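> heads up, no residue letters with this:
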């Protein structure tokens, strides 16, 4: 009897008389036997692990019982205790009781957590063991079938070669088996005959001879192909192609679209871009390996102490981009991840885990290299986005898709930052697939109603294979078709979109010719009749309804005259309409089209026309239209930029458009103050149409102007320029707002936030706190002052910096003042006595204070009696400061230090030598932001040279020479050139940076100077 021919026989027959098939089958059976022995060893290991865990649980129970017993004993002691004992003993017993109770609760929590982990481990390991047994059973059935087939054939007949996946099967199984631990396998044999029925859950199918003309990439293949779910399974095992059951009645759910071809292509699978697991990381400060839990997601790596800490703040973060590199280390399991900021040394638990991490990281870097402009890094916002089913090469998958400018991105999830891929839409062919030619019997036979109810678009980029997009509704299809066609540049020829959109596209084709009759088209001009349908293509009926409501709101704002009683009515209308546009970005193009249509060729000298332009003036500061609608807006504003009132509003809108493009769009709806300024103040008269007072701590204020796109950084730049203060990053000042609730709270504003957004959010919070009571009488209060949370720390660090100068003798203090400031620093600093010193504790503290805070030059010649007197004087002055806080001592210290005119200067010891005119034998050179000062050794000023008078400086043999010019007579015009030469110790003359944000004068030893240029303070 001739055996049935299988698929494997159909495509792998090889006639080779030298191969003994029976020996190969016997070898496979031996490998299968070794695998069973390995499984038995695994069972033994799992049993030992279970026994160990049970023993730990038992020990935990015993400890808990002993703790409970101790608690009972303590309770009995408390009951039997005398009620007349002092209150301290009762409190101590009660605290002890609470501690014991907490310990018992902690023990119970640990036991419960161990039990839960044990149950989870048992379930996971049992599932993995079951998978292994099923795979082994399938392999056994396949080998048995082949043996029967071989035995029925005659000698020298057809011989079938072993597929490549069987050669590596045993090592794959062994690797998989070694990963399973901590749970026993089932008692039944992994290769039992009972498991053969599991093959019925798998299915495959082939295309019949009557299926013609269905290529894998066509829509017919999408609808008619049948998926092989087993091929795309997550298992690591290879299943022979002919090991599937052919008579299975398995059917996939209708709501899922699985693989749509009857073959598997590894090169077409999406690369793996996420991973998590344990790695060893080399510490940055302490060079030791630390085990951390790493999570790779969205193009970045976060690491924690353990998986249970992922809900907390990560211990570190690694940003991945195309400039990162991966280098394998010397060890077999170590590699280096080199980023822009830092190099990370990582070690995996095994070579296999190392290869997995390197493969995933390489996939990330490849995707980022091929996507140099991902959506999150571009300033442009997405034109369209939503869930679509992407079909390519016969494989379909639900993706989150986004169209940004002329690039179509697709992501695995909505929150992903890194796209899986992209399609360049420039000059691509976008078409709708006509599916009326396909017969309905295909869908009825396969039960694929999901596909039959969807619309299909095909995107065919240049020099790439086509991609099909399955879209749920007709409205979504029309919207995607329009925006994709516009991005591809084929909207005019394809005639997609509404009539209004087609006319704008035609204007774009003629490059906005001012003489074109398209500008006077009826659809683009004002019409007294209301809108019956939206002017732009919208993806849903709900948005289309919202667009008509938006038109009614605009009509009410335009046609009702702005007067004092109705000003709040107009404010509410504008805020609500623009909030809808901010919430639904799809309506932003619609809003601009409606406003432009309402102002185009409308009767001039009409309050309705003026109010429509005012609403457009408010709108351009919030957001801008997308794609060619932005070009249309610019062209329209350019056509109306005239000296009349309407033209002035057009010029104002042009400025606002450029500012919005420069600083980005807004986050909140316009504030009441912003709308009132536009309606009542004629904003075209001012480059900065809004203004608000900024208060200072000395009860004064300064009014500062701004526009709708002004950021806090720009606002503070204008403020500091008017009041003559330094920039905030130099002065440490910041802008604060009061709290809308009226509480004594202040909020520091970030530099990138927009002032109008701050005011709008403040007003909204005030309305929510006082609903129905808001009358517009209270406005936000802005205050410019020092950053209070950081001032104490900054002052403390500055005080220690000045104390170091005092201690080194670089600050002019006499002995009495030196004791005063040393007492202040002793009150601030924490001084702990030494345990090994025989001296009394108080004496030790005084000695340490003198060593740390008293000038060295006053201590070097003191004998023991004088030093004892110094300690007593310091103790006396220190006792006066008892009760004074550290911040108050720092304030007093810095107040005293700032009285020296050269506070903040850097001092260098030098010796004047001829031809210097300085007659002192030893001087100090003080460098600050004003110039170079020469001081005598008691630090009194001898002469000062401004930076303008310094001609040059540099080395003169082994000395430092400074060449300066000075005016001889007061008010005279004659100047003399003077050379100053100083001998300086070489270590003192190494390159120095002048402190206090300071001067850029750098002093070097003369031997290191070689005609160096003069760096002046800016």
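Nice, I can see it. Small disclaimer: the values here were computed from a predicted structure and weren't measured. Numbers count the residues shown, from 1 in each chain.
> longest single helix anywhere in this structure?
helix 87-152 (DSSP state H).
> so how far is it from its chain's centroid?
Between the centre of helix 87-152 and the centre of its host chain there is 36 Å, according to CA atoms, centre = their mean, to the nearest Å.
> any idea of the mean pLDDT in it?
For helix 87-152, mean pLDDT is 82.
> Show me what it packs onto, helices and strands only.
For helix 87-152, the packing partners by 3 or more CB pairs under 8 Å, 6 or more residues apart in numbering; DSSP states H and E come out as helix 21-80, helix 169-178. In short, each C-beta sits where N, CA and C put it, glycine included.
> quick one: contacts of the helix or strand residue 945 falls within?
Residue 945 is part of strand 941-946, with elements assigned from DSSP states H and E. Residues outside strand 941-946 that contact it (CB atoms under 8 Å, 6 or more residues apart in numbering) are 901-902, 918, 920, 923, 930-936, 962, 964, 966.
> If you go by neighbour count, which of those residues are buried?
902, 918, 923, 930, 931, 932, 933, 934, 935, 962, 964 (16 or more other CB atoms under 10 Å).
> returning to that earlier point: which of the helices and strands packed on helix 87-152 sits most buried?
helix 169-178 (a mean of 16; mean count of other CB atoms under 10 Å).
> Assess the claim that residue 746 and residue 739 are in contact.
Yes: under the criterion of CB atoms under 8 Å, residue 746 makes contact with residue 739 at 7.1 Å.
> Kindly check the end-to-end length of stretch 591-607 for me.
One end of stretch 591-607 to the other measures 20 Å (CA to CA, to the nearest Å).
> Also stretch 851-870?
Span of stretch 851-870 from end to end, CA to CA: 11 Å.
> Stretch 326-344 now?
10 Å.
> Buried residues in that stretch, which are they?
Quick answer for stretch 326-344 (16+ other CB under 10 Å): 333, 334, 335, 337, 344.
> Stretch 500-518 now?
Result for stretch 500-518 [16+ other CB under 10 Å]: buried residues 500, 501, 502, 503, 504, 505, 507, 508, 512.
> now stretch 849-868
Under 16+ other CB under 10 Å, the buried positions of stretch 849-868 are 849, 850, 853, 854, 855, 858.
> What about those, which are in helices?
849, 850, 853.
> per-residue pLDDT, the second one?
Turning to residue 850, the model gives it a pLDDT of 86.
> Please report how far it lies from residue 879.
16 Å (CB to CB, to the nearest Å).
> Please apply the same query to residue 580.
70 Å.
> out of these two, which sits in the busier spot?
A count of neighbours by other CB atoms under 10 Å puts residue 580 above the other of residue 580 and residue 879, at 18 against 9.
> and the helix or strand that the more buried one is a member of, what's its mean pLDDT?
Using DSSP H and E, residue 580 sits within helix 567-583. Average pLDDT, helix 567-583: 92.
> quick one: buried residues of stretch 592-610?
592-600, 602, 608-610.
> typo on my end, stretch 913-927
Neighbour count says stretch 913-927 has 916, 918, 923, 924, 925, 926, 927 buried, by 16+ other CB under 10 Å.
> correct me, but the fourth one touches residue 912?
No: assessed by CB under 8 Å, residue 924 is found out of contact with residue 912, at 11.1 Å.
> Could you list which of the buried residues of stretch 913-927 belong to helices?
Short answer: the buried residues of stretch 913-927 have none in helices (DSSP H).
> And the pLDDT at residue 187?
38.
> and if you look at the one 5 residues further on?
In this model, residue 192 is scored at 35, pLDDT.
> Please pull out the lowest mean pLDDT helix or strand from the chain.
helix 219-224 (a mean of 37; mean pLDDT, DSSP states H and E).
> On the C-terminal side of that one, identify the next helix or strand.
strand 275-282.
> Adjacent strands (with direction) for the helix or strand just after that next one?
Later in the chain than strand 275-282, the nearest helix or strand by DSSP H and E is strand 289-297. Strand 289-297 has its sheet partners listed here by DSSP bridges as strand 275-282 (antiparallel), strand 300-304 (antiparallel).
> which of those is buried the deepest?
strand 300-304 (a mean of 20).
> What are the contacting residues of it?
Here strand 300-304 has contacts from 279, 281, 292-295, 310, 312, 314-320, 337, 417, using CB under 8 Å, 6+ apart.
> Ignoring the adjacent residues along the chain, who's closest to residue 468?
Of all residues not flanking residue 468 in the chain, residue 391 sits nearest, at 4.0 Å (CB to CB, 6 or more residues apart in numbering).
> which stretch of helix or strand covers the one you found?
strand 384-392.
> pLDDT of the helix or strand that that strand is followed by, averaged?
As assigned by DSSP H and E, the chain's next helix or strand after strand 384-392 is strand 395-404. In this model, strand 395-404 has an average pLDDT of 89.
> Pull out the buried positions in strand 395-404.
395, 396, 397, 399, 400, 401, 402, 403, 404.
> so can I have CSV of these showing distance to residue 668?
Converted to CSV, the buried residues of strand 395-404 look like this (distance: CB to CB, whole Å):
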residue, distance to residue 668
395, 43
396, 41
397, 37
399, 32
400, 27
401, 28
402, 24
403, 26
404, 24
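> ok, those vs residue 384, which is closest?
residue 403 (4.5 Å; CB to CB).
> separation between the closest one and residue 542?
Residue 403 is 20 Å from residue 542, by CB to CB.
> Residue 864 is nearest to which of the strands paired with strand 289-297?
The nearest among these, by CB to CB, is strand 275-282 at 52.3 Å.
> which outside residues touch the closest one?
288-297, 303, 307, 344-349, 353, 356-357, 360.
> Now list the buried members of the residues you listed.
Buried, going by 16+ other CB under 10 Å: 292-297, 303, 344-348, 353, 357, 360, out of these.
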